[in-house]
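Asker: Here is the input, now give the coordinates:
(chains A, B and C)
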Amino acid sequence: MSHPFFTYNGPLSIESISKLLNIKIDITSNFEITDIKDLSNADQNSITFLHSNKYKDEAKLTKASYCLTTHLLKDSLPKTCRPIIVENVLKATSVITAKIYPNSVEDKFEKKIKNIEQVTFKNDVEYGKNVLVGENVDFGSNCLIGHNTIIEKNVKIGNNCKIGSNTIIRNSIIKDNVSILDNCVIGKKGFGFFPNKSQNLRYPHIGIVIINDNCEIGCGATIDRGSMSNTEIGKNTFLDNQVHIAHNVKIGENTIIAGQVGIAGSSVIGSNVRIGGQAGISGHLKIGDNVDIAGGSGVIKDIPNNMKVMGYPAKNIREFLRENK
Amino acid sequence: MSHPFFTYNGPLSIESISKLLNIKIDITSNFEITDIKDLSNADQNSITFLHSNKYKDEAKLTKASYCLTTHLLKDSLPKTCRPIIVENVLKATSVITAKIYPNSVEDKFEKKIKNIEQVTFKNDVEYGKNVLVGENVDFGSNCLIGHNTIIEKNVKIGNNCKIGSNTIIRNSIIKDNVSILDNCVIGKKGFGFFPNKSQNLRYPHIGIVIINDNCEIGCGATIDRGSMSNTEIGKNTFLDNQVHIAHNVKIGENTIIAGQVGIAGSSVIGSNVRIGGQAGISGHLKIGDNVDIAGGSGVIKDIPNNMKVMGYPAKNIREFLRENK
Amino acid sequence: MSHPFFTYNGPLSIESISKLLNIKIDITSNFEITDIKDLSNADQNSITFLHSNKYKDEAKLTKASYCLTTHLLKDSLPKTCRPIIVENVLKATSVITAKIYPNSVEDKFEKKIKNIEQVTFKNDVEYGKNVLVGENVDFGSNCLIGHNTIIEKNVKIGNNCKIGSNTIIRNSIIKDNVSILDNCVIGKKGFGFFPNKSQNLRYPHIGIVIINDNCEIGCGATIDRGSMSNTEIGKNTFLDNQVHIAHNVKIGENTIIAGQVGIAGSSVIGSNVRIGGQAGISGHLKIGDNVDIAGGSGVIKDIPNNMKVMGYPAKNIREFLRENK
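Answerer: Numbering: from 1, shown residues only, chains lettered A, B, ... in the order given. The predicted structure follows:
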């Protein structure tokens, strides 16, 4: 119901949703929506959204009471979930989300920030020069923070973490024994907007970044927070320098990602995956467990477990090498 | 006649040009050159340069009174423009430019910089901690500047702009409603020099960076200023994280450039273009309007309007996908 | 015998090595190891390591008195070098190195750092705001250091060097007339570790970064220090923005490397090489002198002198262009 980080401006009545979207909704009760969530995370106080056939199966099981969707898709919803028919599902979702979490659209710099020397932490944190810490920041014990680093706001850091210098973190949960090296930007809004002549329309990013135990994040990495779900990196996964992880990406455990790799929005990467330097993975893909992706590859479709791929478009590595002797 | 940003050390007499280049020039008057400009921007007080057949048509129309060029190319010039024959046109251009604008060769850090709290702005600017501002910097109203950001010198920023943290801007004009995120470097000299055993010879960069209304520039972007012309990004164009835009590049309006894309020097990109993640565009190319370039592509030749391309070298996307099933 | 930068915790008796590795070694004397080095750099007071057939020839000539190796490889060693048989040569090497140089495994931020204004340099150094300088740092004459830059520790900088703003340097030797631009990270530990479920095991990095005379390093570059040998960039080599150079890489003289190039660990690049933007070079390769690598190429095997290559995998450029009209 309430977000760990963003200011909550709910609940919303169905009537106010009707006004916001400028559509007619058959209002049968003075029901109030407390949150907006994706199909599987929604509960009966939530509104959800269904914009593609791809999510039909999840739609059938949603617990949401209302769903933003289209005429063509509405029949996938269970009887307990009333469809609200809109022209553009993602734009309507964006409008409702921005209303409930108004601070999730633009990332303004944190004004209530202080030099860490002016802040009291109950646990032992060692820190360098000019470290800045904003509101809603919490550290476990035995952490190190390098020089000029900005823990901007809405950050929870576990025990035994090492944060480098010149790094910026916001809207993130960092678990235990995590190393984040220098010059990273973790937790900014993703590259998500509705293209629009004269001025693109940015949509909200209410997802956060979660980095699990024992991970290492190399220098110059950018890890964007999610739009409607979180960006998450599994335990003991290591990223080399200059890696870019876009919004909503999920990465499994024990995965190794070499330098300058880019993973586009909403892709899901398995565990024990190895990705060579400069490889790129398109958005909305599913890469299985134990997959090897050769350096420089361009992956444009799903890859099942245990496969080794190479090339652009990436294919079975033996086939690629046979064709490219 | 005078540059908006670089200290002007002109005018130059033809005699002094003769000495600088160590060549004989038939000096018919005590004419003085006030500026050096490319063929189409030069006026009758300027010297210009012509180093390739590719620019013949522009040469015919130049208003310059003098032109650095070669025996082979000199006949393309109009009668009003006297050729000055040199062995290496670009080196001679570099020598004259460095003489007129001596500070455009190397980017020394700005010594006359101050913490923004010591500077008075007539308009409302909100700023974070440790923001540094140098000479010849101007802000419009309602701007935000994040922590540790350096607006180094020679920067004009419009209204309603948001500059992130740890970002460095110099020699740039930023129009209205522009967002520049964290860790960017905007306006440094480009990667331009004459290779030379034992010590390469850097040439001047008197171009600036212009970012037009409503643009967004992602984290970790580098946008280099131009050598003899400007680097310019059109209205409402959005760049994702870790993008590199080299010197003299021009990008149109409403273009969308995904993460880790690189555009090499002097290429011109149209409007409404979409460039997928990690795509690379070689130098001196012309990419038309409404072009789609798939992520990971390597573009090595011009692309006409409305085309969709993919692959390395990039070709028609249907052809590429048919050949790479 | 002693490392220029890392705290020395030796010598080690053969008995203590036996305990550290939990193996039996036939101890014939109370010999003490003063250092651990690769096969060719080891002297008679050193222990070395041999983990692959590839290094047989170097093994025959080693001057080391002891060598960590396997049953299969031990016969390549000269009689003056006693084999110490272990299960995993690289892990054993890592354990011994970490014992002798305990600070080379993790890069903790330097606590004994000061604002440069509190430090006395005998030579003239001009510096910007908020410059931090740690222990064991030395500058030649006539250097410039930009704002917010961190010369963290163990750094020797020559004469006439220009260091940009927001840059971090540690464990590095920078020779004369070198320019390092903004937002770089030079000298951090490389991306080297033994993958291990639940928690990867990082190995030490006792190599340093050496950047020779007249080099230029572009914005946002990351140059990692070596594990058992140095990362080195030859004279007058120029790197553009966002380049990544991994641990142990050696680059020759007068080489030109365009934007966003990545060179993976332990590769050796010749002199007068030109590498186009976004090209990637796999690890452990040898690229000859006067080689041209087209932008966007992916190099996965050695390239002899004077060759021009393009494509992924990179091949003769004429062949590539003929096949890809």
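Asker: Count residues in the vicinity of residue A:51, would you?
Answerer: 17 (other Cβ atoms under 10 Å in any protein chain shown). C-beta here means a position set from N, CA and C on the backbone, and glycine is covered the same way.
Asker: how much space between the residue nearest to it when sequence neighbours are not counted and residue A:226?
Answerer: Leaving aside its chain neighbours, residue A:51 sits nearest to residue A:89 (3.6 Å; criterion: Cβ to Cβ, 6 or more residues apart in numbering or on different chains). Distance, residue A:89 to residue A:226, by Cβ to Cβ, to the nearest Å: 18 Å.
Asker: which one of the two has more residues nearby?
Answerer: Higher neighbour count among residue A:89 and residue A:226: residue A:226, with 26 against 19, using other Cβ under 10 Å.
Asker: List the residues that contact the residue nearest to residue A:51.
Answerer: Residue A:89 makes contacts with A:49-51, A:68-70, as judged by Cβ atoms under 8 Å, 6 or more residues apart in numbering or on different chains.
Asker: how much space between it and residue B:65?
Answerer: 63 Å.
Asker: Residue A:198 now?
Answerer: 42 Å.
Asker: what residues go with each domain of chain A?
Answerer: A:12-100, A:114-323 (automatic domain parsing).
Asker: and the longest helix for chain A?
Answerer: Across chain A, the longest stretch assigned as helix under DSSP state H is helix A:89-100.
Asker: residues in contact with stretch A:18-31?
Answerer: By Cβ under 8 Å, 6+ apart, stretch A:18-31 touches A:12-15, A:17, A:65-66, A:84-86, A:92, A:95-96, A:99.
Asker: So which of the residues you listed belong to strands?
Answerer: A:12-13, A:66, A:84-85 (DSSP state E).
Asker: SS state for residue A:205?
Answerer: coil (DSSP: H, G, I helix; E, B strand; the rest coil).
Asker: Just list the residues touching the closest residue to it other than its chain neighbours, thanks.
Answerer: Distances taken as Cβ to Cβ, 6+ apart place residue A:189 nearest to residue A:205, at 4.2 Å, with adjacent residues excluded. Counting by Cβ under 8 Å, 6+ apart, residue A:189 touches A:104-107, A:202, A:205, A:224-225, A:247.
Asker: how about these in a markdown table, adding neighbour count and pLDDT?
Answerer: Shown next, in a markdown table, are these (neighbours: other Cβ atoms under 10 Å in any protein chain shown; pLDDT from 0 to 100):
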| residue | neighbour count | pLDDT |
| --- | --- | --- |
| A:104 | 22 | 91 |
| A:105 | 19 | 90 |
| A:106 | 13 | 85 |
| A:107 | 24 | 87 |
| A:202 | 19 | 91 |
| A:205 | 28 | 95 |
| A:224 | 30 | 98 |
| A:225 | 27 | 97 |
| A:247 | 25 | 97 |
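Asker: From residue A:36, how far off is the residue nearest to residue A:205?
Answerer: From residue A:189 to residue A:36 the distance is 17 Å (Cβ to Cβ).
Asker: Equivalent analysis for residue A:271, please.
Answerer: 30 Å.
Asker: do residue A:229 as well
Answerer: 12 Å.
Asker: again, but for residue A:75
Answerer: Taking Cβ to Cβ, one finds residue A:75 at 22 Å from residue A:36.
Asker: re earlier: the more surrounded of residue A:198 and residue B:65?
Answerer: residue B:65 (18 against 10).
Asker: Skipping adjacent residues, who's closest to that one in space?
Answerer: residue B:44 (5.2 Å).
Asker: do residue A:226 as well
Answerer: Closest to residue A:226 by Cβ to Cβ, 6+ apart is residue A:207, at 2.3 Å.
Asker: ok, now which ones touch residue A:238?
Answerer: So residue A:238 contacts A:215-216, A:255-257, C:191, C:193, C:200 (Cβ under 8 Å, 6+ apart).
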